[in-house]
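[1] 3D, please:
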Amino acid sequence: MLCDLHLHSHHSDGEFAPARVVDMAADAGVGLIAVTDHDTTAGIVEALMRAAERGIAAVSGIEMTAYAHGRVVHVLGYGFDPASGDIELRNRRALDVWSDNTRTWVGALCEEGFDLRVHEVLSDPHVRLPVLIERLCARGVDDGDVGRCYARFKDFFAALPSQAYSRLPTPAEAAEAIRKAGGVAILAHPDRVGSDGLVEALVADVDGIEALYARYSAADREALKVLAERNGKLYTCGSDYHGYFGGAYVNPRFEAPTALLVRLGLV
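    Residues are numbered from 1 along each chain as shown. You can find the predicted model right below:
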């Protein structure tokens, strides 16, 4: 069964509604999906319902924001109860952290001389990143160049002090919240964590790693599969599709790992 367990909808930083995301994946031949929005469960019911209508398998999903060793780390959750109070509490905290840090960034841009009309740029309580980038570009940041503005965003947020992320859970705490809600916790896109041994250090805190990631080379995927298996962990697969600036959806053509299907009760 071909699967894609890393998809985003407009409930976080994706472009399309959950049902539209499911349709694109189903039309491309994917047989198992998870919509994994950042720090929200708002799109899960719609995604599950549409998947059932399309005759494909689906599980609840989320991508929780955590912080460890001076870096933002993302933890994917699958097959959990979306009504979990612990996950909802951590989601609210993560969204508040995002909003506070976004306001700090926009304030810094104003100090650089950009006329941004902050009340318009930050008109939403938790403005989504692609929308924020579009608004900033429309107001002249980086001459309207989306790529440069996004790079500026990454540089600024990477340089924020640890206090800016102090309310976020550790990866271990995020994983525990997912497990308590009946789910499976997976370290997302390990390449973004870094190559200085941190991935290996975090493996113990989760149930598996996202080894089959669309942007990885075949060699990188194989190395991560070996890492997961050596540590007795699961591995998962996903495209991390957002829409917006990434082009049309493309089926990553990953076969669902049998051990993961068993763990999720799908076989």
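[2] which stretches of the stretch 51-200 of the chain form helices?
    Under the criterion DSSP state H, counting those that start in this stretch, the stretch 51-200 of the chain contains helices at 85-111, 118-121, 129-138, 146-158, 171-180, 198-202.
[3] most tightly surrounded among the ones you listed?
    helix 171-180 (a mean of 22; mean count of other Cβ atoms under 10 Å). (C-beta placed from N, C-alpha, C; glycine too.)
[4] Name the residues that touch it?
    Helix 171-180 has contacts (Cβ atoms under 8 Å, 6 or more residues apart in numbering) with 62, 64-66, 68, 73, 75, 77, 80, 84, 86-87, 90, 169, 184-185, 187, 202, 205-207.
[5] quick one: it to helix 85-111, angle?
    Computed by axes from the mean of the first three to the mean of the last three Cα atoms, to 10 degrees, the angle separating helix 171-180 from helix 85-111 equals 140 degrees.
[6] pLDDT averaged over helix 171-180, what's the number?
    Averaged across helix 171-180, the pLDDT comes to 98.
[7] just use 10 as the starting number from now, easier for me
    Taking 10 as the first residue, the last one we looked at is helix 180-189.
[8] And it, how far out from the chain middle?
    15 Å (Cα atoms, centre = their mean, to the nearest Å).
[9] any idea which helix or strand comes after the least confident helix or strand in the chain by mean pLDDT?
    Here the helix or strand of the chain ranked lowest by mean pLDDT, DSSP states H and E is helix 207-211, holding a mean of 87. Downstream of helix 207-211, the first helix or strand assigned by DSSP states H and E is strand 217-222.
[10] Which positions are bridged to the residue most central in space within the chain in the beta structure?
    In the chain, the residue lying closest to the centroid (Cα atoms, centre = their mean) is residue 72, at 4.2 Å. On the basis of DSSP bridges, residue 72 is bridged to residue 47, residue 85.
[11] what's the answer for residue 41, then?
    Applying DSSP bridges to residue 41 yields these beta-bridge partners: residue 12, residue 66.
[12] Can you give me the distance of it to residue 137?
    From residue 41 over to residue 137 the distance is 26 Å, taken as Cβ to Cβ, to the nearest Å.
[13] go on, residue 254?
    For residue 254 relative to residue 137 (Cβ to Cβ), the value is 13 Å.
[14] try residue 176
    Distance of residue 176 to residue 137, given as Cβ to Cβ: 20 Å.
[15] what residue ranges in the stretch 110-259 of the chain score low on pLDDT?
    201-205 (pLDDT under 70).
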